[in-house]
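1. Coordinates for the following, if possible.
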Amino acid sequence: MNRKRLLIGITLCIMIALISSAAFAASPPSGEPSPILLASGLAGGAGSTIGPDGALYVTETAAGRVARLDPHSGEITVFASGLPASIIGLGGAMDVAFIGDTAYVLVTLVGPDIGGSDVVGVYRVDGPDSFTVIADIGEFSIQNPPDMPVDVPSGVQYALEPYQGGFLVTDGHHNRVLRVALDGAISERMAFGNTVPTGLALWGNKVFMAEAGPVPHLPEDGKIMMFGPYSSSAKEIASGARLLVDVEFGPGRALYALSQGDFPPDGPPGAPALPNTGALVMVNKSKTFSVIAGGLNQPTSLEFIRNSAYVVTLNGEVWKIDNVWGLPHSVSH
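-> Numbers count the residues shown, from 1 in each chain. Next up is the predicted model:
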């Protein structure tokens, strides 16, 4: 496919999705437990993490910022600004993670191969508006392409997870997980077929990874996979939810995932799910999923604080889902 045509298609779909999202913002998602709107007004929600202070940190792709969100009051303050913002309606500051008290931000789709001028990679937050690029993932990806045709040589990185003194990074376009050290060294940890790896979670030294699956993101292609520090391949943990974008451990050692929802008919790669079709799901012992809360509007990221789930959405909202403690079917690790 022509790369420019692909990127234009992605941009239009994201713009349409953001307009559609605004129309649905006032409608609370359905399902039990009932989600509550905690905060809104973020400039494009993407990745998130719980910081060392117990607050929720969220990347704002359209503004090149990281927001700090009080998990009780929903008050939003700017933690860091001045990062590369999205230039095609997708990408920019994509995810955030902490090692100790230091924050790191994953930035994607801002390089010269798509008309940008910034570094695709991991940025260390040195101050409220100052950063240091510690790893140039875009250049590594261009010099070390995957064993499959790609439209964006620098890749489309999605999630950043601290691991063994560095990071693991998923690339949903190049279909692989990268290992990134704090000194900037980058290597390919594991490669996959066209499975579209997205969110990451850890249990000890085991890595749990969500897969959205290829277009049209059929339910059977939405999977949670697991691999260990010495694994050469990943093991399937569960399948059966559309367009999985994140995975997290929650109360009771249960494993949860975030389904973005129904993919639009004839949608191009990179397009989000249809509005209000997403769901918070939980892994059953039968390796299937149970819906905990449905009707979520294009969710992108999931975190837990005690027995409450926090869901970030594409249009810049954060929904809080209380009382998920004690739900059945904890997955064995």
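
2. Just give me the neighbour total for residue 148.
-> 13 (other Cβ atoms under 10 Å). Every residue, glycine included, has its C-beta placed from N, CA and C.

3. May I have the phi/psi pair for the residue nearest to residue 176 when sequence neighbours are not counted?
-> Nearest non-adjacent residue to residue 176, counting by Cβ to Cβ, 6 or more residues apart in numbering: residue 191, 4.4 Å away. Residue 191 adopts backbone torsions of phi -110, psi 150, taken as degrees, to the nearest 10.

4. for residue 191, what are its contacts?
-> Residues counted as contacts of residue 191 (Cβ atoms under 8 Å, 6 or more residues apart in numbering) are 146-147, 175-176.

5. what's the nearest residue to residue 115 once chain neighbours are set aside in contact with, if anything?
-> Take residue 115 and drop its neighbours on the chain: the residue closest to it by Cβ to Cβ, 6+ apart is residue 87, 6.7 Å away. Neighbouring residues of residue 87 by Cβ under 8 Å, 6+ apart: 109-110, 114-116.

6. three-state assignment of residue 87?
-> coil (DSSP: H, G, I helix; E, B strand; the rest coil).

7. pLDDT at residue 150, what is it?
-> Reading off the confidence values, residue 150 has pLDDT 96.

8. Also residue 237?
-> For residue 237, the predicted pLDDT is 98.

9. same for the host helix or strand of it, what does it pack against?
-> Assigned by DSSP states H and E, residue 237 belongs to strand 235-239. Secondary-structure packing of strand 235-239 (3 or more Cβ pairs under 8 Å, 6 or more residues apart in numbering; DSSP states H and E): strand 223-227, strand 255-259.

10. Bridging across strands, which residues link to residue 50?
-> residue 56 (DSSP bridges).

11. show me what contacts it?
-> Per Cβ under 8 Å, 6+ apart, neighbours of residue 50: 56-57, 303, 305.

12. what about the strands in the stretch 51-200 of the chain?
-> 56-60, 65-69, 76-81, 92-99, 102-108, 121-127, 130-136, 157-163, 166-171, 176-180, 186-191, 197-203 (DSSP state E, counting those that start in this stretch).

13. hmm, back to that, ranking the helices and strands packed on strand 235-239 by burial, who's on top?
-> Of all those, strand 255-259 has the most neighbours on average by mean count of other Cβ atoms under 10 Å, namely a mean of 27.

14. Need the residues that contact that strand.
-> By Cβ under 8 Å, 6+ apart, the list of residues contacting strand 255-259 reads 199, 201, 208, 210, 222, 224, 237-238, 241-250, 278-283, 289, 292, 296, 299-302, 304, 309, 311, 324, 330-331.

15. Just give me how far the helix or strand following it sits from the chain centre.
-> Sequence-wise, the next helix or strand downstream of strand 255-259 (DSSP H and E) is strand 278-283. Centroid separation for strand 278-283 versus its chain: 15 Å, with Cα atoms, centre = their mean, to the nearest Å.

16. hang on, the earlier thing: now the contacts of residue 191 in CSV, with pLDDT and neighbour count?
-> Listed next are these as CSV, based on pLDDT from 0 to 100; neighbours: other Cβ atoms under 10 Å:
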residue, pLDDT, neighbour count
146, 97, 16
147, 95, 9
175, 98, 22
176, 98, 22
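
17. Much appreciated, bye for now.
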